[in-house]
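Peer 1: Need coordinates for the below:
(chains A and B)
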Protein chains: 2
Amino acid sequence: MRTISESRCFGGVQGVHAHASAATGTEMTFGLYLPPAAAEGQRVPLLWFLSGLTCTHENAMVKAGLQAHAAAAGLAVVFPDTSPRGPGVADDPAFDLGQGAGFYVNAARDPWAPHFRMWDYVADELPRVLAANFPVDEERQAVTGHSMGGHGALTLAMRLPGRFRSASAFAPIANPTASDWGRRQFAAYLGPDEAAWARHDASLLMAETGFSGEVLIDQGASDQFLPLLRPEALAAAMAERRQPGAFRMQAGYDHSYFFVASFAADHVAFHAERLAA
Amino acid sequence: MRTISESRCFGGVQGVHAHASAATGTEMTFGLYLPPAAAEGQRVPLLWFLSGLTCTHENAMVKAGLQAHAAAAGLAVVFPDTSPRGPGVADDPAFDLGQGAGFYVNAARDPWAPHFRMWDYVADELPRVLAANFPVDEERQAVTGHSMGGHGALTLAMRLPGRFRSASAFAPIANPTASDWGRRQFAAYLGPDEAAWARHDASLLMAETGFSGEVLIDQGASDQFLPLLRPEALAAAMAERRQPGAFRMQAGYDHSYFFVASFAADHVAFHAERLAA
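Peer 2: As a prediction, the model looks like this:
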């Protein structure tokens, strides 16, 4: 692992690091915010922020405004990249397939299979890299994300029982098996068997198993991508499952990071409270 | 004037607008954050945020984290661009001259003179555009900025007595007449007469006249550009002048927006308190 940069930020340190990933077979870059409490010799709880289409590790790190709240709450925040990258990595002209659009799955089909293993990367490899190199507490983790990253956060939370104490999402792709943000990508990455797709659909997983902790969802009512996100499927599944938590429809907000930043304090507080318990 | 985008943000609206500028002879783009109080029929105080080298209207708007605090304090925040732009506008291969590097002066020399009139744009034209189109209160204005924008903020504040109730800066280019961030640009824009340069040097202006209100300066002690910024010249001039305010050296912080964001709350509170009086 090598450190690309470190900047003091709200009394802690915003780092950018890169490492050779066995999961993706590429170099992967991530951002990691360590709060002031991490400099005091203690392992701190870890919040995952999974990002959306077109993003790298950088977008949320510089736009979401999470660090102020994480510093106050004593949480680390990790910002993984959204796909493998590089000249030897498959890509597609569409912004929503290939590099920048890993969808947090392990691709089973060429040309994607050799490198697009973002599920393994985020679920298995990066957690070990973080625990080995930084003072983060594996026993106290929570997960959130935006858009495609909200999809990743919710599917990881439900399929890795016991891993995350709490899960939240900002405008998640909530029902990808019924959306053009999902069907095309799952067909490309996973192949035609829709049973494999269902394991990566937050609304279907919610209907099937739910999440062991509490869930917080924020969705902008003026989001320009509502037909692709299908929040109604997730809200209905949460209500039918009696899933503890909240689904909040926020009047006037769109899909941008201005929306994410506006509710970042709420999400950090939500996770911090449950990680402290 | 035309509106490019509007996004709800912390209960207010983050807008991006463009207009034909008489000062620069180009279309100019700016960001304007209006807090929730602006929707209640009242004119709100206005904080100017002037940005640094390479920035457009967008960088601080998405990275500095000012909106959360401005919303709570009831301040509007305007984010002007840092230079004229476009195919008919002169430029230079260096990142610190030409487009993205207007230095808040009126250029007197070719090829810059036809469009590079950022002093007039920020001091005269944009204030009128804002007052004519938005519910901002011309009688209650304050100014801040980062790096080259900190230079702009301080020089505008001292040379426009009565315009701004308070002035602050993050890591300003504090003494450009003695820095490679200043001498090359002033020679190009203003010509060889260094007397004209002095009117655009915050440390020299501080020694000569000071500022009628209070000044807040934050400077990172680990800023990678300290030799170009020359904060010691400004700190000495402030102390000699007995300038009311504070010069703060922040241990460990670099020149990035992580530094700006870390102290954004302090600067907004500083201005809000003086604008409310």
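Peer 1: Close to chain B: what parts of the stretch 101-250 of chain A are there?
Peer 2: A:220, A:222 (Cβ under 8 Å from any Cβ of the partner chain). Using the backbone N, CA and C atoms, a C-beta is placed for each residue, glycine as well.
Peer 1: closest point of the stretch 101-250 of chain A to chain B, which residue?
Peer 2: The shortest separation between the stretch 101-250 of chain A and chain B is 7.1 Å, found at residue A:222 (distances taken as Cβ to the nearest Cβ).
Peer 1: Hmm, that residue is touching residue A:258, no?
Peer 2: No: at 11.4 Å, residue A:222 and residue A:258 do not qualify as touching, with contact defined as Cβ atoms under 8 Å.
Peer 1: between those two, which one's more packed in?
Peer 2: Relative neighbour count places residue A:258 above the other of residue A:222 and residue A:258, with 25 against 15, counting by other Cβ atoms under 10 Å in any protein chain shown.
Peer 1: Am I right that that one is in contact with residue B:68?
Peer 2: No: with contact defined as Cβ under 8 Å, residue A:258 does not reach residue B:68; the gap is 10.6 Å.
Peer 1: pLDDT score for the residue most central in space within chain A?
Peer 2: Geometric centre of chain A, nearest residue: residue A:50, 2.2 Å, by Cα atoms, centre = their mean. On the pLDDT scale, residue A:50 is placed at 98.
Peer 1: Run a quick neighbour tally on residue A:13.
Peer 2: 20.
Peer 1: now do residue A:249
Peer 2: 14.
Peer 1: How about the contacts made by it?
Peer 2: Residues near residue A:249 by Cβ atoms under 8 Å, 6 or more residues apart in numbering or on different chains: A:219, A:221, A:231.
Peer 1: per-residue confidence for it?
Peer 2: In this prediction, residue A:249 carries a pLDDT score of 94.
Peer 1: How about residue A:29?
Peer 2: Looking at residue A:29, its pLDDT reads 98.
Peer 1: ditto for residue A:40
Peer 2: Model confidence at residue A:40, expressed as pLDDT, equals 87.
Peer 1: Distance check, it against residue A:134.
Peer 2: Going from residue A:40 to residue A:134 by Cβ to Cβ, to the nearest Å gives 14 Å.
Peer 1: So between those two, which is more surrounded?
Peer 2: Regarding residue A:40 and residue A:134, a neighbour count based on other Cβ under 10 Å identifies residue A:134 as having more, with 18 against 10.
Peer 1: Look up phi and psi at the more buried one.
Peer 2: The phi and psi values for residue A:134, taken as degrees, to the nearest 10, are phi -140, psi 160.
Peer 1: Sketch out the strands for chain A, chain order is fine.
Peer 2: Ranges of strands in chain A, per DSSP state E, are A:2-9, A:12-20, A:27-34, A:44-50, A:76-80, A:136-145, A:166-170, A:214-220, A:245-250.
Peer 1: Residue A:96 is in contact with residue A:183, isn't it?
Peer 2: No: counting by Cβ under 8 Å, residue A:96 stays clear of residue A:183, with 11.3 Å between them.
Peer 1: In terms of neighbours, single out the busier of these two.
Peer 2: Neighbours were counted for residue A:96 and for residue A:183 using other Cβ under 10 Å; residue A:96 has more, 19 against 14.
Peer 1: Identify the residues contacting that one.
Peer 2: Neighbouring residues of residue A:96 by Cβ under 8 Å, 6+ apart: A:53, A:181, A:184, A:185.
Peer 1: repeat for residue A:258
Peer 2: Taking Cβ under 8 Å, 6+ apart as the definition, contacts of residue A:258 comprise B:7, B:8, B:9, B:14, B:67.
Peer 1: Over to residue A:117?
Peer 2: Residues in contact with residue A:117 (Cβ under 8 Å, 6+ apart) are A:23, A:24, A:84, A:106, A:107.
Peer 1: Quick check: phi and psi on the residue lying closest to the second one once chain neighbours are set aside?
Peer 2: Taking Cβ to Cβ, 6 or more residues apart in numbering or on different chains, and ignoring the residues beside it in sequence, residue A:24 has residue A:84 as its nearest neighbour in space, at 4.0 Å. Recorded main-chain torsions at residue A:84 are phi -70, psi 160, according to degrees, to the nearest 10.
Peer 1: just the contacts of residue A:96 now: which is nearest residue A:197?
Peer 2: Nearest to residue A:197 out of these is residue A:185 (Cβ to Cβ; 9.4 Å).
Peer 1: Angles on the backbone of the closest residue in space to that closest one that isn't next to it in sequence, please.
Peer 2: Sequence neighbours aside, residue A:103 is the residue nearest to residue A:185 in space, at 5.1 Å (criterion: Cβ to Cβ, 6+ apart). As for residue A:103, its main-chain torsions (degrees, to the nearest 10) stand at phi 60, psi 10.
Peer 1: distance of residue A:103 from residue A:233?
Peer 2: With distances defined as Cβ to Cβ, the gap from residue A:103 to residue A:233 amounts to 17 Å.
Peer 1: These two - which one has more neighbours?
Peer 2: When neighbours are counted by other Cβ under 10 Å, residue A:103 comes out ahead of the other of residue A:103 and residue A:233, with 28 against 21.
Peer 1: Who are the contact partners of that one?
Peer 2: Residue A:103 makes contact with A:118, A:148, A:151, A:152, A:176, A:182, A:185, A:186, A:189, A:200 under the criterion Cβ under 8 Å, 6+ apart.
Peer 1: Neighbour-wise, give me the winner out of those residues.
Peer 2: residue A:152 (33 neighbours).
Peer 1: dump the residue contacts of that residue.
Peer 2: The neighbourhood of residue A:152, defined by Cβ under 8 Å, 6+ apart, consists of A:50, A:103, A:104, A:118, A:122, A:145.
Peer 1: Check what pLDDT residue A:212 gets.
Peer 2: 96.
Peer 1: for the one 5 residues further on, same thing?
Peer 2: Note for residue A:217: predicted pLDDT of 97.
Peer 1: Which residue, other than its chain neighbours, is closest to it?
Peer 2: Counting by Cβ to Cβ, 6+ apart, residue A:247 is the residue found nearest to residue A:217 once chain neighbours are left out, at 4.6 Å.
Peer 1: and that neighbour, what does it touch?
Peer 2: Residue A:247 makes contact with A:217, A:219, A:231, A:234, A:235, A:238, A:239, according to Cβ under 8 Å, 6+ apart.
Peer 1: Count the residues that sit near residue A:139.
Peer 2: There are 11 residues near residue A:139, going by other Cβ under 10 Å.
Peer 1: Do you know the pLDDT at it?
Peer 2: For residue A:139, the pLDDT comes out at 97.
Peer 1: same check, this time on residue A:71
Peer 2: Confidence score, pLDDT, at residue A:71: 98.
Peer 1: So it is in contact with residue A:10, correct?
Peer 2: Yes: between residue A:71 and residue A:10 a contact is recorded at 3.8 Å, counting by Cβ under 8 Å.
Peer 1: Give me the common contacts of those two.
Peer 2: Any residue near both residue A:71 and residue A:10 by Cβ under 8 Å, 6+ apart counts here, and that gives A:35, A:36.
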